[in-house]
Each structure stands twice: as C-alpha cells, then as structure tokens.
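Asker: Just to be clear, the model below is a prediction. Sequence and coordinates:
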Amino acid sequence: AIERAERIDELERSLAEAVALQVARADLEERLARERDAALAGLDTAKRDHDDALARATRKWDAVRCAHDDELSELQSAAAARERKDALYRASMVSSARRSGASFCFMVLRRWRRARAAKAWRSWADATARRRVARAKAE
C-alpha cells in the first residue's frame with residue numbers, strides 16, 4: 001500500500017509537471033504568435049509605405065511625361081502651321097510672279113535697292129564711328 005501510495009504520489013507529481021510544461025508551452029506559443037503578428041504587421045506597414053511612395057513617384061513621373069508630351073505636340077503643331085503658312089506664302093509669291101513677271105522683277109529690284117541702301121548706311125555709320133574713335137584717341 002505504501003509503494004502504491006508512493007507510485008500515485010510520483011504519478012501526480014509527474015502529471016503536475018506535465019501540466020506546468022503544457023501551460024509554459026502554451027504561454028510560449030502565445031508570445032511567439034504575438035511577436036510574429038507584430039513583425040508581420042510591421043512588414044505590411046513597410047510594404048504599404050513603399051507601395052505608396054512608388055505610386056506617388058509614378059504619378060509624378062506620369063505628370064511630367066504628360067506635360068512634356070503636351071509641350072512637344074504644341075511645338076510640333078506650331079511648326080506644322082508655320083510650314084503650311086510658308087508653303088502658302090511661297091505658292092502665292094510664285095503665282096503672283098507668274099501672273100506678272102514684271103512685278104516680280106520690280107519686287108526683286110526693290111529688295112536689292114533696299115539692301116544696297118542699308119549697306120551704304122551701315123558703311124557710313126561704321127566709318128563715322130571709326131573717325132570718332134580716331135579723333136578721341138588723337139585728343
């Protein structure tokens with residue numbers, strides 16, 4: 001009976017140790033789960049922040065690209081309009097010259113005369129400036 005009581009006592013002690021181990025294991029698992037959840041939440045936050053920053057940068061780049069594309073299309077349309085205007089002007093010049101060869105010749109002569117007058121004025125102004133400089137140096 002004494003051996004049996006000792007055996008029961010020993011079994012109860014080992015049962016109590018097993019229960020204590022189970023409680024400790026449950027606490028440990030719960031703590032690990034909390035730490036894991038906290039780490040995953042931090043990771044999710046970091047990933048969300050990174051994604052937000054990337055989306056902001058992408059939107060900014062897209063806005064800049066759109067602005068550049070708009071500016072380029074404006075420049076191209078302006079160049080095309082200028083080209084059309086020049087072509088129309090050349091065509092009208094040619095047709096008016098064909099209509100009256102004399103007026104075309106007079107137009108060319110007028111331009112040539114105007115250019116010669118401008119050249120004469122420039123050479124006189126340059127000579128005057130040179131004389132003024134020479135006079136200032138002489139004094």
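Answerer: On my side now, so go ahead.
Asker: Just to confirm, which residue in the chain is farthest away from the center?
Answerer: Within the chain, residue 1 marks the point farthest from the mean C-alpha position, 91.5 Å out by Cα atoms, centre = their mean.
Asker: Next one: it from residue 9, what distance?
Answerer: Relative to residue 9, residue 1 is positioned 12 Å away (Cβ to Cβ, to the nearest Å). For every residue, glycine as well, the C-beta is placed using N, CA and C.
Asker: now the residue farthest from the centre of the chain: how far from residue 88?
Answerer: 127 Å.
Asker: One more: residue 125?
Answerer: 37 Å.
Asker: Likewise for residue 129?
Answerer: The value you get for residue 129 to residue 88, if Cβ to Cβ is used, is 42 Å.
Asker: And for residue 120?
Answerer: Here the criterion is Cβ to Cβ. By it, residue 120 lies 34 Å from residue 88.
Asker: now do residue 62
Answerer: For residue 62, the distance to residue 88 equals 38 Å [Cβ to Cβ].
Asker: One more: residue 48?
Answerer: Spatial separation of residue 48 from residue 88 under the definition Cβ to Cβ is 59 Å.
Asker: so after the longest helix along the chain, what's the next helix or strand?
Answerer: Criterion DSSP state H: the longest helix present in the chain is helix 2-99. Under the assignment DSSP states H and E, the closest C-terminal helix or strand after helix 2-99 is helix 101-138.
Asker: And the average pLDDT for that next one is what?
Answerer: For helix 101-138, the mean pLDDT works out to 85.
Asker: in this structure, what secondary structure element scores lowest on mean pLDDT?
Answerer: The helix or strand of the chain with the poorest confidence is helix 101-138; it has a mean of 85 (mean pLDDT, DSSP states H and E).
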